[in-house]
Every structure is written in structure tokens, then in C-alpha cells.
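>>> Predicted model follows, preceded by the sequence.
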Amino acid sequence: DGGITQSPKYLFRKEGQNVTLSCEQNLNHDAMYWYRQDPGQGLRLIYYSQIVNDFQKGDIAEGYSVSREKKESFPLTVTSAQKNPTAFYLCASFARDRGYGYTFGSGTRLTVV
Amino acid sequence: AQSVTQPDIHITVSEGASLELRCNYSYGATPYLFWYVQSPGQGLQLLLKYFSGDTLVQGIKGFEAEFKRSQSSFNLRKPSVHWSDAAEYFCAVGADPGTYKYIFGTGTRLKVLA
């Protein structure tokens, strides 16, 4: 079955460290997205990519970076410049064949220790 | 600017009772509208969607939603709630057809009493 795999499910970061969250999809979708979820704030867009080797900043891109070297993969790096990184991170891909809805991964919970 | 409002942060209903979750949007044209459900610690699952045609749409798990242009609303309904429906529900609007960036509401957490 096709889908989106996010790893790891839980991640702990020390102050000043960069960490990378993995997102892989086997749905052959062109567009991929990273959202951050905080309690009571819904989902906020960090970065998105519509094609390989191209990506755009979302609403809260500061302190984050991404790459899109392969269609299947869209990793997110949380840098030390992100002052409040503790959150739940969701990766999604865009699905015309699912009525223009998103397919979401199961998320990564990042905690600063 | 486009926006989505879910006015109810928490809703509690008894099992077997009917449910309505509210969603209001702000957008100039007819938007793509979605409802998603999220179980704790999980990703979001698409319940239903609307972009044109019949304003009453049916989704999975017995849910339906009605698009009311005059009220800028897209409320989610279920006639009889099951304990397994306890989750968080998000309304979303697809306001940018070029990039398919969607705007999400802040969510409504549903609690179901046995």
C-alpha cells in the first residue's frame, strides 16, 4: 500500500543541535509539505515543494531548512536557530487522485531536552 | 486574506447523540473545503471534501458536511456518534489552486461520553 512514512516517531534534541526529520512517500506525488502542529494553533505551513529541486517557504520557515533531491523524499532540518522547536511535525503530499486532498504521514514529535 | 475559523475548541456529546462541528471560512471565490480527523499522536485522515456540485457531501465513517455559501460555512455532522469518534477534527480550505497550500482551522476536540 502506498503512503507517507515519517521517521523517527519521537526525537529528542539538545540545545544548539540540528536535527533532521525524514519524510518519504511512494505515492508518486509531485507536491510535498511540512506542517508544524502546536496545541490550540492548528497546523502551520513550514515549507512546501511542488517539484524536485524546488521548494518554497511557508508561513513559519525561520529556523528550518529542507531539500528535495528526489521526488520521494522531503527531509526537514530543524536548526539551532529555531528557538522553540518542541512540536509535532507533519509531512503531507498532495493528491489529485484523492480529490485534491492531502495524504499525511503519522508525524514526528520533537522535544528539546 | 483567507482564513478558517472553528469556533468550538472542545465539544462533548453522549454516545448515540447527534453531532455538529462548525467551520467558517473567509475566501473570495468558491474554495476547496475539507474536513480531517486526527487521533492522538497520529497524522490526519481525510473525512470528506467539497469543491463544486451538490452542497451536501458524504464522507467516510458516516460523516457528512454541508456547504452554505451565504453563511461561508462548512459544518460537519453525524447523526449518531460512536465512542470511536473521539478525536480532533480540523476544517481546511484550499485557497491557492496553483500551489495547493491549504489553511487549517485550529481544530475541535471531540469527547464522547459512554
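On my side now, so go ahead. Numbering: from 1, shown residues only, chains lettered A, B, ... in the order given.
>>> what's the helix or strand for A:F94?
If you go by DSSP states H and E, A:F94 is part of strand A:87-95.
>>> list the helices and strands that strand packs on?
In terms of contacts (3 or more Cβ pairs under 8 Å, 6 or more residues apart in numbering or on different chains; DSSP states H and E), strand A:87-95 is packed against strand A:4-7, strand A:19-25, strand A:32-37, strand A:101-104, strand A:108-112. Every residue, glycine included, has its C-beta placed from N, CA and C.
>>> Report the mean confidence score over that strand.
When pLDDT is averaged over strand A:87-95, the result is 92.
>>> Provide a list of residues in contact with A:V113.
A:V113 is in contact with A:12-14, counting by Cβ atoms under 8 Å, 6 or more residues apart in numbering or on different chains.
>>> 7 Å instead, please
Contacts for A:V113 (Cβ atoms under 7 Å, 6 or more residues apart in numbering or on different chains) come out as A:12, A:14.
>>> A:K9 too?
Contact analysis of A:K9 by Cβ under 7 Å, 6+ apart lists A:108-109.
>>> where does chain B come near chain A, residue by residue?
Residues of chain B found near chain A (Cβ under 7 Å from any Cβ of the partner chain) are B:32, B:34, B:42-44, B:46, B:49, B:51, B:90, B:94, B:99-102, B:104-107.
>>> Test for you: state the pLDDT assigned to the closest residue to chain B within chain A.
Proximity of chain A to chain B (Cβ to the nearest Cβ) peaks at A:F104, 3.6 Å away. Predicted confidence (pLDDT) for A:F104: 94.
>>> how many neighbours does it have?
23 (other Cβ atoms under 10 Å in any protein chain shown).
>>> Please determine how far the residue nearest to it when sequence neighbours are not counted is located from B:L21.
Nearest residue to A:F104 in three dimensions, chain neighbours excluded: B:G43, at 3.6 Å (Cβ to Cβ, 6 or more residues apart in numbering or on different chains). Counting by Cβ to Cβ, to the nearest Å, the gap from B:G43 to B:L21 is 19 Å.
>>> biggest strand in chain B by residues?
strand B:87-96 (DSSP state E).
>>> Low-confidence bits of chain A, can you list those?
Within chain A, the set of residues satisfying pLDDT under 70 comprises A:1, A:96-99.
>>> how about the residues of it near chain B?
Counting by Cβ under 7 Å from any Cβ, chain A sits next to chain B at A:31, A:40-43, A:45, A:48, A:50, A:90, A:94, A:98-102, A:104-107.
>>> Which of the helices or strands spans the residue positioned nearest the centre of chain B?
Closest to where the C-alpha atoms of chain B average out (Cα atoms, centre = their mean) is B:W35, at 3.4 Å. Using DSSP H and E, the element containing B:W35 is strand B:32-38.
>>> bridging residues for A:S65?
When bridges are called by DSSP bridges, A:S65 pairs up with A:T77.
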